[in-house]
Each structure stands twice: as structure tokens, then as C-alpha cells.
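Q: Structure, please.
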Amino acid sequence: YEIACLTEANVRGVRGHRAAAKAFREGKSEFEIHIDFLLHSSQAEEELPYGNIIALNENASVLHYLNHLREQPGDLRYSFLIDAGAQYHGYASDITRTYTRDEKGEFAQLIAAMDAMQQNLCTMAKPGINYIDIHMAAHKGVATILADFEFVHGLDAAGIVEKRISSAFFPHGVGHFLGLQVHDVAGFHQDRAGCIIAKPEGHPYLRLTRIIDPRMVFTVEPGLYFIESLLAELQAGDNARYVNWTKVDEFRKFGGIRIEDDIVVTDKGHVNLTRNAFAS
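A: Next comes the predicted model:
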């Protein structure tokens, strides 16, 4: 029953996402995109599982952006990040996609690289795997992309992670439990007595540290952002010499990228509820 509800929540959320992507391509404002999402996912605003993140351009660098600006961006329409879901009988979907106006430009290539990396992370979702390993693989993936796209030079992916440069571009955890609550409970519980599995050092925002079991439901949502405050901190430190600041400055206007799917773990692997909904 619960998996069926989560499946339907993804189907309804994807309907809204498709409408939102179309609205972005038509040049609509954040507020207008938000309204189109509500209409096509058949939800009133108070029925949403969480406030829609509808972020154009540099607003995508704000992780929980909620402003919904009324002004249309016109020709200054570079990118669009949408983090929005739906509810069905109290169960939530939590879905994020990123789009760009110039589908042949380098930012489109960056989105494609992040999407491929996110799908590789999803293949790790199976019983017996430590979710922390998925999170650390996400950092390695982001680090590889930073090097491949020449945002960082003089270090390989391992060095970028070790020096915590990847954390300046990917500052949050790779996901969380999902169910009746969007950020569902017991992400750190080791046993029924409530003993806690600690977060890895240097990763304070990870919300899930458990060994994966069948029938767990969680998100996988790596991101790569150009966040002013974190970039300023990076630029002021010893690791600034490894960063191609000219290249970074060119991408600030895009804000960032996040790709998020909802995963159900099976006895031998997983089912991606979000990709299945987009494919239907």
C-alpha cells in the first residue's frame, strides 16, 4: 500500500514537472511556472508536501529558494531548477530537475554529466550497501566533473574531495528517507534502542547513515552549485589556487544543478519511482 501511494505521488509530481519545464521554455516567470505545476499536478498550494522550489538563473544557487518572482526573465533566461513533489494519501514524492535555455551550450553538457553521475549513484542502491558510500561516491562524482569541465585544476578527483573543495560546490547530503514525511525519520538509527550512526567527518548535512535494507525508500540527489558565500570562503582560503575563477565566474548566472529521484529498495536492487514516472 505504501509503495503504491509513493508511486502515485511520483506520477502526479512528474505531471507537474513536465508542465513546469514547458512553462520555462515559454518564458514564464517563477510564479507562473509554480501555478502551472499546481494545475497539472492537481494540487492546491496547501496540499503540497513541501514548498515548491522554482528557481530561475542564479536563484538556483539558493538550496531552499521559495520566492516565486512575478517578473518574467525575458532574454535573460539561462537556467531553471525545480524541486517539487506531490502527495497521495499523505505519502510524498520529492523530485528535482534542472533545465537550460541553450540546449547545446556547456551548461547543458554539465547538466547531462550530472544526470549520468546521478544515475550511476542510483545503481548503488541495493541491500547491504552503506548509504554513506553513496554520499561519498557523489562527492567523487562531483569532483570528477569539476576537473573534467576545468573548474578545478592541479588535482585529481580524490584530491578535490580530500581538500573539501567538492563541498564548496556540493554542500548538502546526497539524500534522505522519504515517506509520510518528506525528510522521513530514523535516518541515523542503528537499532531500536535509538543508538546513532555518526555522520562522516566533514559532512554535517548528510541525513542518512544507515546500511540499506529492502523496502527502504530514499532520495538520491547530488548537486553542483555556484553559491556566492561558499565560493567567497573558498577564494579566501589556501585552496583558491586550484580553482579556475574565470570559468566559475562565467557560470554564476546559472545558479546550479540538482537531479533527484525517489528510490525503493528491493530484495536484489531497486526501483526508481521517478524515472519510471517520467518514462510512462
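
Q: Using neighbour counts, pick out the buried residues of the one helix or strand residue 111 maps to.
A: Here residue 111 is covered by helix 106-122, with elements defined by DSSP states H and E. Buried residues in helix 106-122, counted by 16 or more other Cβ atoms under 10 Å: 107, 108, 110, 111, 113, 114, 117, 118, 121, 122. Where you see a C-beta, it was placed from the backbone N, CA and C, and this is true even at glycine.

Q: Return the distance of the third one relative to residue 219.
A: According to Cβ to Cβ, to the nearest Å, residue 110 stands 21 Å off from residue 219.

Q: Repeat that for residue 227.
A: Residue 227 is 20 Å from residue 219, by Cβ to Cβ.

Q: the more surrounded of the two?
A: Using other Cβ atoms under 10 Å as the criterion, residue 227 and residue 219 rank with residue 219 on top: 25 against 20.

Q: Tell me which residues touch the more buried one, please.
A: By Cβ atoms under 8 Å, 6 or more residues apart in numbering, the contact list for residue 219 reads 94, 175, 176, 178, 260, 261, 262, 263.

Q: Number of residues surrounding residue 267?
A: Quick note: residue 267 (other Cβ under 10 Å) scores 9 neighbours.

Q: swap in residue 7?
A: Neighbour tally, residue 7, other Cβ under 10 Å: 19.

Q: shouldn't it be in contact with residue 280?
A: No: under the criterion of Cβ atoms under 8 Å, residue 7 is not in contact with residue 280, lying 10.3 Å apart.

Q: Can you work out which other helices and strands pack against the helix ranked longest in the chain?
A: For the chain, the longest helix by residue count, based on DSSP state H, is helix 2-25. Here helix 2-25 touches helix 30-40, strand 79-84, strand 87-88, strand 91-92, strand 95-100, strand 261-265, helix 273-279, going by 3 or more Cβ pairs under 8 Å, 6 or more residues apart in numbering; DSSP states H and E.

Q: The fifth one: how far from the chain's middle?
A: Once both centres are worked out by Cα atoms, centre = their mean, to the nearest Å, strand 95-100 turns out to sit 8 Å from its chain's centre.

Q: which helices and strands sit right next to that strand?
A: helix 2-25, strand 79-84, helix 106-122, strand 256-258.

Q: The ones you listed into TSV, with extra columns for distance to residue 207?
A: Formatted as TSV, these follow (distance: least, Cβ to Cβ, whole Å):
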stretch	distance to residue 207
helix 2-25	18
strand 79-84	15
helix 106-122	15
strand 256-258	15
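
Q: Next, the angle strand 95-100 makes with the helix holding residue 111.
A: 160 degrees (axes from the mean of the first three to the mean of the last three Cα atoms, to 10 degrees).

Q: Mind giving me the packing neighbours of helix 106-122?
A: Checking 3+ Cβ pairs under 8 Å, 6+ apart, helix 106-122 ends up next to strand 95-100, helix 131-148, strand 217-220, strand 223-225, strand 256-258, strand 261-265.

Q: quick one: which of the ones you listed is nearest residue 231?
A: Of all the helices and strands packed on helix 106-122, strand 223-225 sits nearest to residue 231, with 9.2 Å by Cβ to Cβ.

Q: For the very next helix or strand once past that closest one, name the packing helices and strands.
A: Next along the chain after strand 223-225, taking DSSP H and E as the criterion, comes helix 228-235. On a contact count with 3+ Cβ pairs under 8 Å, 6+ apart, helix 228-235 meets helix 165-169.

Q: which secondary structure elements does the helix it packs on contact?
A: helix 131-148, helix 228-235.

Q: Give me the pLDDT value at the residue nearest to residue 45 when sequence neighbours are not counted.
A: Spatial nearest neighbour of residue 45, excluding adjacent residues (Cβ to Cβ, 6 or more residues apart in numbering): residue 38 at 6.3 Å. Looking at residue 38, its pLDDT is 99.

Q: and the gap between residue 226 and residue 65?
A: 14 Å.

Q: check contacts around the closest residue to residue 176 other than its chain neighbours.
A: Nearest-residue entry for residue 176: residue 207, 3.9 Å, with adjacent residues in sequence omitted and distances by Cβ to Cβ, 6+ apart. Counting by Cβ under 8 Å, 6+ apart, residue 207 makes contact with 173, 175, 176, 177, 183, 187.
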